[in-house]
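Peer 1: Need a 3D model of the following:
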Amino acid sequence: MASTDDVSHKRAELERCPPGPNGRDVALFNLAMALYNRFTKGRKTDDLDEAIALLRDVLELRPSDHPDRVSLHHWLSLCLSDRYTNQGAVADLEEAVTFGRAALEFHPPGDRQRGASLYHLACDFRRKFQKQALTHDLDQAIELHRAALELRPSGHPDRAASLHSLALCLSDRYGNQGVVADLEEAVRLERAALPLLPPGHRHRGASLHHLACDLRRKFQKQALTRDLDEAIELHHAVLELRPSGHPNRDSSLHSLTLCLSDRYDDQGVVADLEEAIMFGRAALELRPPGHRQRSASLYHLACDLRRKFQKQALTHDLDEAIELHRAVLELRPSGHPNRDSSLHSLALCLSDRYTNQGVVADLEEAVTFGRAALELHPPGHRHRGASLHHLACDLRRRFQKQALMQDLEEAIELYRAALELRPSGHPNRDSSLHSLALCLSDRYDNKGEAADLEEAVILGRAALELHPPIRLDRASSLHDLAVCLAKRFREQHTASDLNEAIAYEQEALQLLMPADPGYDISRRCLTDYLQMKIHPQVVITSGASDVTHFDIKSVIRGVAFETLKTMPTRLLHTHTGILCNRDAQISHFMNSRQYNQLLSSCRACTPDQRMEHIHTSVSGYFRFVTFSHRWGEGEPLLRDIDGRSIYEMSSKGGLGKLQALCRRACEQEYFWAWSDTCCIDKDSSAELQEAIGSMFACEWFTRGWTLQELLAPATVLFYTQDWSLYKNLTRANHKTDVAVLEELEKATGIESRFLTNFSPGMDDARSRLQWASKRCTTRPEDIAYSLFGIFNLHMPILYGESPENALGRLLAEIISHSGDISILDWVGEASPFHSCFPAHITSYQTLPLSPSQCGPEEQSLTTSQQPSSSTVLRNLHRSLANSPLPRFINRRLILTCITHRVTAVQLQGDPLTLSYTYKIQASGLRPLEIALPDKLEDAAMEPSALQLVRPWHSKLLGSSGKLDAITEEKLLLTLKGPFNALLLIRLAHNEYKRIASSILVTAHVVDPPNNLQSKIKTLTIV
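Peer 2: I've put the predicted structure just below:
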């Protein structure tokens, strides 16, 4: 082992050999070797640089015919190659190749060192290929490795290295040229190397890793599941050989992630996807900011989270995927070889989020990123077809939203270009055919050109031929082709088109289940087509309009179905007292006087007026009243009234209330009424969840579900038990009566502005939670579910989960969507879901601290003291304004805080009392005392274990991003006043947990001007 003493000894020897022919070249060479050996141990660049310089000196002292000159070429080549690996200077690699060639010339066939020279020169040629991508360098590396392998037969100590290195080169050439024979040989050679590297061998992990990578490539080419399964098994084995702290553990985690993700795509097992995400997160932790592979880990984790969203529809997965893709894009600036894939993937995620949430800004951004990706995929690029296709999809979505014809025209142009790049046999040709057909059908609807419809039918047939009978997406192609054929039937009245449309919808329904998204649409279309077949309609033209009598009926029927989608599944018909499902509701409408009047009036409308008129009339017919009441004894359930008229039943118990409701609704000219007792099938979790979502949707004021029933409707009438109007008020809306509003404010604690003009959403989140804090529900978890509509959240209803979990999921979604830190201001028992969330909604009864609650001393600060330094204030403002928004990921709250380190904690008073009083000192704060029911754990008493923090959100500075006079005054008032602090204890892995949540910890700054120096940190809280 080379050591500093060895180098010193060799230096001393060199000093004893002055310039001249007295062995100085040997002393120089020995010192160079000592320095190189020390470099291989300590990786100090100075040692390597000096070794190279000394070897150059030796080369000058040894003429071309010197017997030891050949070793100089060999060692110079090795040193220069190592320096290239260490520093990346291409000149070093070029020179290493030159010296390697020279060394090889001195080792002719038969020379015992020829194998080593061939091997090292081949390795340098591979490095040169990896840098410059010149195929002839890789070909030469392979040729040299084959020659070296012949000189290292079975039993040779270096045969394993030659097998492994040749396999790497062949794998590189497969990646460059796609010749499967190279990949097959690479796998075969790596398998041959593996037995030569038994368990315990230091290179076994690398051999296993590269064999697994080649098997994954083989799977990607040949789709043989056994190859992927073996690759995953090998990567697991490698991971055991690369424990925590191993320099290559991140690579193994990342590669295993890729394999598991591939197997999920191939087999659809969610466990593989979950494991891929877990290993992806672990790899990312080992690739901190600045790591050269961080962007790859971010990218693939984002892709897996998008896959998870597509499977489970959890919005936070998609939001995190978008956040990660944005981070990747920052690491892949203009000119980066993988920027195109980041732009494309981010566009896909934004497009998904637009489809899920309908935010137009996401769609606009998806189009922008899609265009940028397309610019990086010029003609001939292997991903150009995908970029063209997805950009076209987004343009069609934008056309459907904004009705701009130029978007549709461009989408058609792009789809045609994509189709040219996806010739017969291409795996995605069917998708391009189908999408282009849809666009042409859209253009026919707008322009009425028969040629577009004809081409749409042709393309739809071609797409259908490429869809195997068992594929689920075949149902979509069947339906869309049927729609085109039905349109052509209306135009040309060719019976075969209608018969074919019927046959296609029937086949589509055989492929779908009732719960599938396209089932209802196909079923309705089939019934419409059958109606067309049974009762052929005659075209009736009104003025310049080309709309047929049947067309108007079809449109009205379609609008009615779309309107009913936003309403409860079952409604009571107030005229008959019969509970009606959606089909019955449609039937009532189609047989009504209002429907006949609508048909007549539509014929007199212009095309532009017609749709608005239809929507207005249909919505008016399906208005309904909601019965908000406290359940009592004998409430009728669905099974009690299904198929019967409530007017013909006994008026005892809850039925009397229901009958009175329907009579009153009928008097108010409503055809429909809804009650939560009998209009929901409570045995169906799906229907229950739909009812909760659609409803956004005395003791009445203390119940959880009645809160949304009070807030949601613009018009409310209050009735007493005898069904007389409250206080005999005859107003059409009690929400407009000042006296009633005052009573409602007192009873509910809700300001009148919310009672009269409430919008579901995240604004005033803390107030909304406080409204619910004094209410209760029969099932504990319902208190969280009853707030889903109030916050405009669409989340799964999971009856059977703990109420703490239900409330925790709700609060996590609120803070993930809005970043509103006011929901962290509560006092009570902490939730097992997260330490910063309460276990019970009642914890929000305490009002948050406001600036008006400051004492005289704090109030005076705003006028009597000025900031000690405008520069300090600007710097603080900049830090606070640029702080990241709070977010909740994997049950971890990422929160920006103004932190105050606790410097001392002292237990006060008699330790035998029922409570424990602690005196706490923290940097920048006045000493404070807290009384706790339980004793602090020992870990909390350790130095620097605790932090008192003020959570921060950039919106606390106001809407302006500038430090103007108003913002400055607001910032000073906020920072100088008291605040409700969170007491955090530090855990392992630099994470924190909230403690002492059962009491209010109000902190006061000790020196307001110096408080401008406060530390701002982003903490991870569990």
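
Peer 1: Double-check Gly654 against Leu661; I have them as touching.
Peer 2: No. Counting by CB atoms under 8 Å, Gly654 does not reach Leu661; the two are 10.2 Å apart. No exception for glycine: its C-beta is placed from N, CA and C like everyone else's.

Peer 1: and the residue nearest in space to the middle of the chain, how far is that from Gly448?
Peer 2: With distances taken as CA atoms, centre = their mean, Leu318 lies nearest the centre of the chain, 2.1 Å away. From Leu318 over to Gly448 the distance is 38 Å, taken as CB to CB, to the nearest Å.

Peer 1: Can you name every helix or strand that the top strand by length along the chain contacts?
Peer 2: With DSSP state E setting the assignment, residue counts place strand 892-908 as the longest strand in the chain. When contacts are defined as 3 or more CB pairs under 8 Å, 6 or more residues apart in numbering; DSSP states H and E, strand 892-908 packs onto strand 887-889, strand 916-922, strand 946-951, strand 1015-1021.

Peer 1: Save the ones you listed as JSON lines, and put in mean neighbour count too.
Peer 2: Written out in JSON lines, the entries for these read as follows (neighbours: other CB atoms under 10 Å):
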{"stretch": "strand 887-889", "mean neighbour count": "19"}
{"stretch": "strand 916-922", "mean neighbour count": "18"}
{"stretch": "strand 946-951", "mean neighbour count": "24"}
{"stretch": "strand 1015-1021", "mean neighbour count": "16"}
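
Peer 1: Would you format those strands as TSV with distance to Asn596 and mean pLDDT included?
Peer 2: Converted to TSV, those look like this (distance: least, CB to CB, whole Å; pLDDT from 0 to 100):
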stretch	distance to Asn596	mean pLDDT
strand 887-889	54	85
strand 916-922	76	89
strand 946-951	61	91
strand 1015-1021	63	87
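
Peer 1: Verify the stated contact: Gln770 with Thr748.
Peer 2: No. With contacts counted by CB under 8 Å, Gln770 stays clear of Thr748, the gap being 10.4 Å.

Peer 1: So which of the helices and strands packed on strand 892-908 is nearest Phe489?
Peer 2: Within the helices and strands packed on strand 892-908, the stretch nearest Phe489 is strand 887-889; the backing value is 52.6 Å (CB to CB).

Peer 1: Run through who's touching the closest one.
Peer 2: His316, Glu320, Glu323, Ala812, Ile815, Ser816, Gly819, Leu893, Ile894 (CB atoms under 8 Å, 6 or more residues apart in numbering).

Peer 1: Now which of those residues would you call buried?
Peer 2: The neighbour-count test (16 or more other CB atoms under 10 Å) applied to the contacts of strand 887-889 identifies His316, Glu320, Ala812, Ile815, Ser816, Gly819, Leu893 as buried.

Peer 1: Next, the contact list for the nearest residue to Gly653 once chain neighbours are set aside, please.
Peer 2: Spatial nearest neighbour of Gly653, excluding adjacent residues (CB to CB, 6 or more residues apart in numbering): Gly634 at 2.6 Å. If a contact means CB under 8 Å, 6+ apart, then Gly634 has Lys652, Gly653, Gly654, Leu655 as its contacts.

Peer 1: separation between the third one and Glu633?
Peer 2: It stands for Gly654. Gly654 sits 8 Å away from Glu633, taking CB to CB as the criterion.

Peer 1: These two: which is more packed in?
Peer 2: For the pair Gly654 and Glu633, the greater number of neighbours falls to Gly654 (20 against 7), based on other CB atoms under 10 Å.

Peer 1: What does the pLDDT read for the more buried one?
Peer 2: At Gly654, the pLDDT value in this model is 83.

Peer 1: quick one, what contacts it?
Peer 2: Taking CB under 8 Å, 6+ apart, we find Gly654 in contact with Trp631, Gly632, Glu633, Gly634, Glu635, Pro636, Thr677.

Peer 1: Produce a ChimeraX select command limited to the buried residues of those.
Peer 2: Selection of the buried residues among these in ChimeraX, burial being defined by 16+ other CB under 10 Å:
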select :635,636,677
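
Peer 1: got TSV for the helices and strands packed on strand 892-908, with distance to Lys218 too?
Peer 2: Below are those laid out as TSV (distance: least, CB to CB, whole Å):
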stretch	distance to Lys218
strand 887-889	36
strand 916-922	60
strand 946-951	52
strand 1015-1021	40
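
Peer 1: Asp452: which of these is closest?
Peer 2: When the helices and strands packed on strand 892-908 are compared by CB to CB, strand 887-889 sits nearest Asp452, at 46.3 Å.

Peer 1: List the strands paired with the closest one, with their directions.
Peer 2: Strand 887-889 has the following sheet partners, assigned by DSSP bridges: strand 892-908 (antiparallel).

Peer 1: from the chain's centre, how far out does the partner strand sit?
Peer 2: Here the centre of mass of C-alpha atoms in strand 892-908, compared against the chain's by CA atoms, centre = their mean, to the nearest Å, lies 31 Å away.

Peer 1: Let the chain start at 22 from now.
Peer 2: All right, first residue 22 from here; so that's strand 913-929.

Peer 1: Tell me the buried residues in that strand?
Peer 2: Leu914, Leu916, Thr917, Cys918, Ile919, Thr920, His921, Arg922, Val923, Val926.

Peer 1: Could I get the residues you listed in a markdown table, plus columns for distance to Gln630 and pLDDT?
Peer 2: Putting the buried residues of strand 913-929 into a markdown table (distance: CB to CB, whole Å; pLDDT from 0 to 100) gives the following:
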| residue | distance to Gln630 | pLDDT |
| --- | --- | --- |
| Leu914 | 52 | 91 |
| Leu916 | 53 | 89 |
| Thr917 | 53 | 88 |
| Cys918 | 57 | 89 |
| Ile919 | 58 | 87 |
| Thr920 | 62 | 89 |
| His921 | 65 | 90 |
| Arg922 | 69 | 90 |
| Val923 | 70 | 91 |
| Val926 | 74 | 90 |
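
Peer 1: Determine which two of the residues you listed are furthest apart.
Peer 2: In those, the most distant members under the criterion CB to CB are Thr917 and Val926, with 24.9 Å between them.

Peer 1: rewinding a little: redo the contacts of Gly675 as JSON lines? Include distance to Met611 and secondary structure.
Peer 2: Output for the contacts of Gly675, formatted as JSON lines (distance: CB to CB, whole Å; DSSP: H, G, I helix; E, B strand; the rest coil):
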{"residue": "Trp652", "distance to Met611": "35", "secondary structure": "coil"}
{"residue": "Gly653", "distance to Met611": "37", "secondary structure": "coil"}
{"residue": "Glu654", "distance to Met611": "39", "secondary structure": "coil"}
{"residue": "Gly655", "distance to Met611": "36", "secondary structure": "coil"}
{"residue": "Glu656", "distance to Met611": "32", "secondary structure": "coil"}
{"residue": "Pro657", "distance to Met611": "28", "secondary structure": "coil"}
{"residue": "Thr698", "distance to Met611": "29", "secondary structure": "coil"}
